[in-house]
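[1] need a structure here:
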Amino acid sequence: MARKEAATCRVQVYLTDAKVVAGLNREARSGRLALSQAAGRAIARGLQKSPQADPEDRLLQLERSLRDHMRSTARDMQIVQELLIEVARAFFLRLPDAVVDQDPTVQAAVDRRIERLLDATAARIVAGRAERPGGVPPEDRSFGPAN
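    The predicted model follows:
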């Protein structure tokens, strides 16, 4: 059977977007193609109904997912901060003030304990701790054996 020869067409395109030019150059280098062939493939992909994912699309999707995750994490942290303030407010409303609270020695001791607590917490975060202070392993949060 004789094979039909595909019609070829010459198109001249002027690109002004540096990102598009860089993407075409990158695609041409990775596929070891001429720049015009890489542009032809990009146009063909754009005309397909469901184009295959290329590395740029995956990176864009990853960036969007990361941005969404950062947004939800920021919202969660704001909720945690507001809850912490409410707990502190409730604590101080129920705790009577004492004269000894105004003593500079007591205030310095409290500040020192808070600093030690913050330092220990930061050290555990950096180390990715597997144990609690005092050698106590973290509690088991499982719900029993899997069936």
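[2] in this structure, which residue is most central in space?
    Centroid check for the chain by C-alpha atoms, centre = their mean gives Leu66 as the closest residue, at 4.0 Å.
[3] check which element follows the helix or strand hosting that one along the chain.
    Leu66 belongs to helix 55-94 when elements are defined using DSSP states H and E. Per DSSP H and E, the first helix or strand lying C-terminal to helix 55-94 is helix 104-127.
[4] alpha carbons only: can I get stretch 36-50 in PDB?
    Extracted C-alpha coordinates of stretch 36-50, given in PDB (Å, rounded to 0.1, in the frame of the first residue of the first chain):
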ATOM      1  CA  SER A  36      10.300  24.600  14.700                       C
ATOM      2  CA  GLN A  37       9.500  20.900  15.400                       C
ATOM      3  CA  ALA A  38       9.000  21.600  19.100                       C
ATOM      4  CA  ALA A  39       6.700  24.400  18.200                       C
ATOM      5  CA  GLY A  40       4.800  22.200  15.900                       C
ATOM      6  CA  ARG A  41       4.400  19.600  18.600                       C
ATOM      7  CA  ALA A  42       3.200  22.200  21.100                       C
ATOM      8  CA  ILE A  43       0.600  23.500  18.700                       C
ATOM      9  CA  ALA A  44      -0.600  19.900  18.000                       C
ATOM     10  CA  ARG A  45      -0.900  19.300  21.800                       C
ATOM     11  CA  GLY A  46      -2.800  22.500  22.200                       C
ATOM     12  CA  LEU A  47      -5.300  21.400  19.500                       C
ATOM     13  CA  GLN A  48      -5.900  18.000  21.000                       C
ATOM     14  CA  LYS A  49      -9.000  17.600  23.100                       C
ATOM     15  CA  SER A  50      -7.100  16.000  26.000                       C
END
